[in-house]
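> What follows is a predicted structure for the sequence shown.
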Amino acid sequence: MKLDILAISAHPDDVELGCSGTLLVHLQAGAKIGIIDLTLGELGTRGTPTLRAQEAEAARIILGAVIRENLEFADGFFENNRTHQIKLIEAIRKYQPDIVLTNAVEDRHPDHGRASKLISDSCFFSGLAKIETRSQGKMQTAWRPKAVYHFIQDRLIKPDFIVDVTPVWEQKMASIRVYKSQFHDPDSKEPLTHISQPDFLNFIEGRAREFGHSIEYPTGSGVELNLKQIAGKLSNRLIRIFQLNEKGERPCMGNNPKFQHDPHFKDHILFYEYFHGETGAGLGASHQTGWTGLIADLIDKYDPCV
Ligand SMILES: [Zn+2]
């Protein structure tokens, strides 16, 4: 079975805390997603591996993942070695994900950084045909995901990009709350841990709000804006493709002097099904309504003068 996105992490609940919003947003866009946990989380202070497995299954249903597997590596003691890499390569080749989401590159829990390196190394090795693996007796084909992205966990790491998970926030939190054995439960008699303190879930929300509030745009500029401001800026870039520039030309007319300057043509904007994203030159069938219809919608929503 081929997946679009495969989230692989050290412990059941890492995915829910770290990237379940991203999974849900892509699920809604039609992506096929799956989850692989390396361990049963058997060293967790609270709960039991059986309970944790039931909670992980309940979370899988909320997240709409088509598969959730557990490789049953030793919690706390798995290593980045050939044995563990081969198990992961088998799983990566089995599901052929385009994108892998995985643990933070370094974190409070030592398993997270170690898993991150083990998983990203395995994604690379999975693309080497001379590493032979079999599934149900059949030789597997080499497969390397196009991208491996690391989510942020306990320790703050400056992100390279942010995914807006506002529309799925409640589902994300629901997928976390099913881990009743791990997080705050006023009736629990189990020892208090770092993540079962009453304020932990507020911390998760607080960090998400902070990230949503402040994003560098354009990348590398040092200017930080919120998502709404960025949506406005991007919309206006698209709208400008159809507006007259300082030379009195419209980028969407490309290099055609007749379209740019002939009074019979210059103000008649064709509808292009698609166009060049940088220059705006029409590429696709004209007199269609696809992309250009999007621009009309953006003009409606965003003031072109922002
Ligand atoms: Zn973890």
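Received it, and whenever you're ready, just let me know what you need.
> host element of the residue of the chain found nearest the ion?
Proximity to the ion, evaluated over the chain using C-beta to the ion, is greatest for His11 at 3.6 Å. To be clear about C-beta, it is placed using only N, CA and C from the backbone, and glycine gets the same treatment. Taking DSSP states H and E as the definition, one finds His11 inside no helix or strand.
> how close does the closest residue to it other than its chain neighbours get to Thr48?
For His11, ignoring the flanking residues on the chain, the nearest one in space by C-beta to C-beta, 6 or more residues apart in numbering is Gly41 at 4.3 Å. Computed as C-beta to C-beta, to the nearest Å, the Gly41 to Thr48 distance reads 10 Å.
> For those two, work out which one has more neighbours and name it.
Between Gly41 and Thr48, counted using other C-beta atoms under 10 Å, the more crowded position is Gly41 (28 against 13).
> secondary structure class for the more buried one?
What DSSP: H, G, I helix; E, B strand; the rest coil gives for Gly41 is coil.
> In contact with it, which residues?
Residues in contact with Gly41 (C-beta atoms under 8 Å, 6 or more residues apart in numbering) are 11-13, 47, 49, 52, 75.
> Tell me which helix or strand the residue lying closest to Met139 once chain neighbours are set aside sits in.
Nearest residue to Met139, sequence neighbours excluded (C-beta to C-beta, 6+ apart): Glu132, at 6.5 Å. Element membership for Glu132 (DSSP H and E) is empty, with no helix or strand holding it.
> Now do Glu132 against His194, distance only.
Distance from Glu132 to His194, by C-beta to C-beta: 42 Å.
> can I get the CA coordinates of stretch 155-174 in CSV?
Output in CSV follows, covering the C-alpha atoms of stretch 155-174 (Å, rounded to 0.1, in the frame of the first residue of the first chain):
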residue,chain,number,x,y,z
ARG,A,155,12.8,21.7,23.6
LEU,A,156,12.2,24.8,21.5
ILE,A,157,13.8,24.6,18.1
LYS,A,158,13.4,27.4,15.5
PRO,A,159,11.2,26.0,12.7
ASP,A,160,12.1,26.2,9.1
PHE,A,161,8.5,26.3,8.2
ILE,A,162,5.1,26.2,9.9
VAL,A,163,1.9,24.5,9.0
ASP,A,164,-1.3,26.3,9.9
VAL,A,165,-3.4,23.7,11.9
THR,A,166,-6.1,26.1,13.1
PRO,A,167,-8.9,24.3,11.3
VAL,A,168,-8.1,20.9,12.9
TRP,A,169,-7.0,22.1,16.3
GLU,A,170,-9.8,20.5,18.3
GLN,A,171,-9.1,17.1,16.5
LYS,A,172,-5.4,17.4,17.3
MET,A,173,-6.1,18.0,21.0
ALA,A,174,-8.7,15.1,21.0
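> Could you give the average pLDDT over it?
Mean per-residue pLDDT for stretch 155-174: 93.
> how much distance is there from stretch 4-13 to the middle of the chain?
Centre-to-centre, stretch 4-13 and its host chain are 12 Å apart (C-alpha atoms, centre = their mean, to the nearest Å).
> before we move on, back to that, number of residues surrounding the residue of the chain closest to the ion?
Other residues near His11 number 25, with proximity taken as other C-beta under 10 Å.
> Backbone dihedrals for it, please?
Backbone torsions for His11, taken as degrees, to the nearest 10, come to phi -130, psi 150.
> again with Ile215
phi -130, psi 140.
> what about it, distance to His150?
Plainly put, Ile215 is 18 Å away from His150 if you go by C-beta to C-beta.
> between the two, who's got more neighbours?
The neighbour comparison of Ile215 against His150 (other C-beta under 10 Å) goes to His150, with 24 against 18.
> so where do the helices sit in the stretch 201-306 of the chain?
227-240, 257-261, 290-301 (DSSP state H, counting those that start in this stretch).
> Columns mean pLDDT, mean neighbour count and distance to Ala29 on top of these, output as TSV?
Shown next, in TSV, are the helices of the stretch 201-306 of the chain (pLDDT from 0 to 100; neighbours: other C-beta atoms under 10 Å; distance: least, C-beta to C-beta, whole Å):
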stretch	mean pLDDT	mean neighbour count	distance to Ala29
helix 227-240	85	16	17
helix 257-261	91	14	35
helix 290-301	73	14	16
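> want to try CSV for those, with distance to Ser20 as columns?
Listed next are the helices of the stretch 201-306 of the chain as CSV, based on distance: least, C-beta to C-beta, whole Å:
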stretch, distance to Ser20
helix 227-240, 19
helix 257-261, 48
helix 290-301, 29
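> Out of those, which gets nearest to Thr141?
Evaluated over the helices of the stretch 201-306 of the chain, closeness to Thr141 peaks at helix 290-301, with 35.5 Å, by C-beta to C-beta.
> Give me the angle between that closest one and helix 227-240.
Relative orientation of helix 290-301 versus helix 227-240 (axes from the mean of the first three to the mean of the last three C-alpha atoms, to 10 degrees): 130 degrees.
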